[in-house]
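Visitor: I'd like to go over a predicted model; first the sequence, then the structure.
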Amino acid sequence: MDKNSKKIVLVAFIVVALGLVLTACGVGSLATSTVVTMDIGEIHGTPLAMKGKEGFVGPDECIVCHVNEHKNWEDSWHTQKALWGPSFDTAYNNDIYDWVIQEWDSLETYMILDKKDNNTNYVAVEKVAWEDVDFIIGKTYKQRYMTYYDGEPRQAYLQTTEDGGISWTIDKSVVVEFPGNKERAGYKFLAIETRPKEGSLNNNNYGEFRSWQERCISCHTTGFDPDAWNQAKADFVAGEREDLRDIFVADIRVSCESCHGPGQAHVNDPIAGNIINPRTIEETEQRLLVCQQCHTRTSTNTMYGNGANDNRGLVLGEHTYEDVMSYVRPAWGTGNRNVAPDGKGRRGHQQDMDIMLSYYINGPRSNHARLACFDCHNAHRVGTNIDFPQTYVKPEMTCFTCHGSRSEDFMSVLNGAEGWPSYGFDNWGSLGGRSGTKQHVFNYDEEGRAFGLTPEQYVWAVRKDATDLKDPKSWESIWPWEKNSYAKGRQTYTGPEPWKVH
């Protein structure tokens, strides 16, 4: 498909079934077909070939029948998780924040090449022009930018962190020779992160050294084929492939098949039984997985490894979460960057673990334990309604359905920072969580603050290399829902400080 704008005209042929039946029986004449044309507006062509994992067909196949759903989705936030960049066509210039383009030359738009050690990255000394940005990640709350790297040697600056990767600083006083690394070839991030408000930057900068294809492409797109990527990368490193510019996805947006599963069978035979309808899923864990597969925070992708931390390889209806990924680790009683000491999430996309804690705290029959994200949030139209961009109706009315006149009071549980001391690097021990409405542990303490587990509910497992159970380092914090799987090969314990009772 070329890069020029073009009109798509949807042509649907509606054939009167009764006429066909009568004709087949030799009665009457063939019923006439009705041709319906529908202008669904201008869209830009696809700069790269869209060929993802087998069975994925892309949203252009879905629109043939699901016109309204497609219309609701096409401008939603789910279409902005990955965007084509200006390098492909000037039509994509407007997807970079206006203020960022105006101030681009003053920003630290250096491409991150590779890791030198755990606290140091190489970044190319040449700044990247905004016109050379290949992909844009995000548009609603923040943006990151990528350009292609061929794996060749470059002159570089060193980018360092002193707080475990939270913030990064580039030392431009010394130039070093980076020898190149074809393992890192692909679309690489720049060292900046911007926000919509004019002049608003993440002052911590950004330090992801792996390529987009290696690290996180699967959750920003639909139908990523990790096997095709791995083969392409192996061929490139071996000198048998020219470049790694292909991205091996069915659609650059988060589209229909991200939540409904591969659609080829349904396109061939459009019956309800061969496509996933999240609302008809009865098993709680599988209902949650529809959104959880990306709205989560992993420690790694266990199916493919090699630095991936997205959901690559997961197919709805075929896999569980643990088949493909591993959660970030809790840190009972001490806390860390990802979670508070009581298990509340602290970073983006951790609502799934919050909800699962609610299940553990309040029991499987509690209302929130049975809910999935899409029971309250409108996945098709997220971001398109100014008054309530994330939910079907106003948030207080969403809660009113079950909580009645007390709904506004109960909404305070969504603010996990309220009432707790602040936290940060070298100060993770506060019970503070996420602010605003991002916390989803539906549980209070006696003072009305959002709260996770009490020490009596902490769950632990003995580490594989443990030699002394009285040593705290011999014990690993695990999530309550992981206990049964850990117990198959390791000793587990529920309660505070297991090293004191062994």
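Guide: Arrived safely, thanks for sending.
Visitor: Tell me the bridge partners for residue 476.
Guide: Beta-bridge pairing for residue 476 (DSSP bridges): residue 461.
Visitor: I figured it hits residue 460, correct?
Guide: Yes - with contact defined as CB atoms under 8 Å, residue 476 counts as touching residue 460 (6.5 Å). For glycine as for every other residue, the C-beta is placed from the backbone atoms N, C-alpha and C.
Visitor: Those two - which one has more neighbours?
Guide: residue 460 (25 against 18; other CB atoms under 10 Å).
Visitor: and the gap between that one and residue 353?
Guide: According to CB to CB, to the nearest Å, residue 460 stands 17 Å off from residue 353.
Visitor: Repeat that for residue 397.
Guide: 26 Å.
Visitor: more crowded one of those two?
Guide: residue 353 (25 against 12).
Visitor: Nearest residue to that one in space, ignoring adjacent ones along the chain?
Guide: In space, and not counting its chain neighbours, residue 353 is closest to residue 345: 5.7 Å by CB to CB, 6 or more residues apart in numbering.
Visitor: number of nearby residues for that neighbour?
Guide: 28.
Visitor: Likewise for residue 48?
Guide: For residue 48, the count of nearby residues is 15 (other CB under 10 Å).
Visitor: and what of residue 181?
Guide: With other CB under 10 Å as criterion, residue 181 counts 17.
Visitor: That one: what's its closest spatial neighbour, skipping adjacent residues?
Guide: Computed as CB to CB, 6+ apart, the closest residue to residue 181 that is not its neighbour in sequence is residue 114, at 5.1 Å.
Visitor: Tell me which residues of the one helix or strand the one you found maps to come out buried.
Guide: Assessed by DSSP states H and E, residue 114 sits inside strand 110-117. By neighbour count with 16 or more other CB atoms under 10 Å, strand 110-117 contains the buried residues 110-116.
Visitor: Then stretch 135-147?
Guide: Result for stretch 135-147 [16+ other CB under 10 Å]: buried residues 135-139, 142-147.
Visitor: ends of it, how far apart?
Guide: 7 Å (CA to CA, to the nearest Å).
Visitor: Give me the residues contacting it.
Guide: 77, 80-85, 87, 92, 95-97, 100, 109, 111, 128, 130, 132-134, 187-190, 192-196, 202, 206, 212, 220, 383 (CB atoms under 8 Å, 6 or more residues apart in numbering).
Visitor: Ok, stretch 480-496 next?
Guide: 322, 327, 332-333, 356-357, 359-360, 453, 455-462, 464, 469, 475, 478, 501.
Visitor: now do the same end-to-end measure for that stretch.
Guide: One end of stretch 480-496 sits 13 Å from the other (CA to CA).
Visitor: Kindly report the domain assignment for this protein.
Guide: Per the record, the chain has its domains at 1-45, 83-219, 277-404, 459-500, by automatic domain parsing.
Visitor: State the distance from the closest residue to residue 374 other than its chain neighbours to residue 311.
Guide: Sequence neighbours aside, residue 278 is the residue nearest to residue 374 in space, at 5.8 Å (criterion: CB to CB, 6+ apart). Residue 278 is 16 Å from residue 311, where distance means CB to CB.
Visitor: Comparing those two, which residue is more hemmed in?
Guide: More crowded of residue 278 and residue 311, by other CB under 10 Å: residue 311, with 25 against 19.
Visitor: What strand or helix carries that one?
Guide: Under the criterion DSSP H and E, no helix or strand holds residue 311.
Visitor: tell me the contacts of it?
Guide: So residue 311 contacts 218-219, 293-294, 301, 324-325 (CB under 8 Å, 6+ apart).
Visitor: Most neighbours among the residues you listed, please name it.
Guide: Result: residue 218 is most packed of the contacts of residue 311 (other CB under 10 Å), 30 neighbours.
Visitor: my read: that residue touches residue 225, true?
Guide: No - with contact defined as CB under 8 Å, residue 218 does not reach residue 225; the gap is 9.5 Å.
Visitor: Next, give phi and psi for the closest residue to residue 190 other than its chain neighbours.
Guide: Of all residues not flanking residue 190 in the chain, residue 145 sits nearest, at 4.7 Å (CB to CB, 6+ apart). Here is the backbone geometry of residue 145 (degrees, to the nearest 10): phi -130, psi 150.
Visitor: Tell me, what's the model's pLDDT at residue 145?
Guide: If you check residue 145, the pLDDT there is 99.
Visitor: Would you mind measuring from it to residue 95?
Guide: The spacing between residue 145 and residue 95, counted by CB to CB, is 10 Å.
Visitor: any residues in contact with both of these two?
Guide: Jointly contacting residue 145 and residue 95 under the rule CB under 8 Å, 6+ apart are 85, 136.
Visitor: What segments of the stretch 1-150 of the chain are strands?
Guide: Under the criterion DSSP state E, counting those that start in this stretch, strands of the stretch 1-150 of the chain are mapped to 6-14, 34-43, 83-84, 110-117, 120-127, 135-137, 144-149.
Visitor: same check, this time on the stretch 401-502 of the chain
Guide: 459-462, 475-478, 492-494.
Visitor: Would you mind finding the most buried of the ones you listed?
Guide: strand 459-462 (a mean of 22; mean count of other CB atoms under 10 Å).
Visitor: Identify all contacting residues around the helix or strand hosting residue 155.
Guide: Take DSSP H and E as the rule and residue 155 turns out to sit in strand 154-160. Contacts with strand 154-160, where a contact means CB under 8 Å, 6+ apart, come from 110, 112-113, 116, 119-126, 168-172, 174-178, 180, 191, 205, 207.
Visitor: cutoff 7 Å now
Guide: With CB atoms under 7 Å, 6 or more residues apart in numbering as the test, strand 154-160 has contacts from 110, 112-113, 116, 119-125, 168-172, 175-178, 180, 191, 207.
Visitor: again, but for stretch 443-458
Guide: Contact with stretch 443-458 is made by 332-333, 340, 342-344, 357-358, 361-362, 412-413, 415-416, 418-420, 433, 439, 441, 494-496, as judged by CB under 7 Å, 6+ apart.
Visitor: Now do stretch 109-129: distance from first to last residue.
Guide: The first and last residues of stretch 109-129 sit 8 Å apart, counting by CA to CA.
Visitor: how about the strands in the stretch 151-300 of the chain?
Guide: All strands of the stretch 151-300 of the chain, identified by DSSP E, counting those that start in this stretch, fall at 154-160, 169-178, 186-189, 298-301.
Visitor: Now do the longest one and strand 110-117, the angle between them.
Guide: Pointing back at strand 169-178 there. Here strand 169-178 runs at an angle of 80 degrees relative to strand 110-117 (axes from the mean of the first three to the mean of the last three CA atoms, to 10 degrees).
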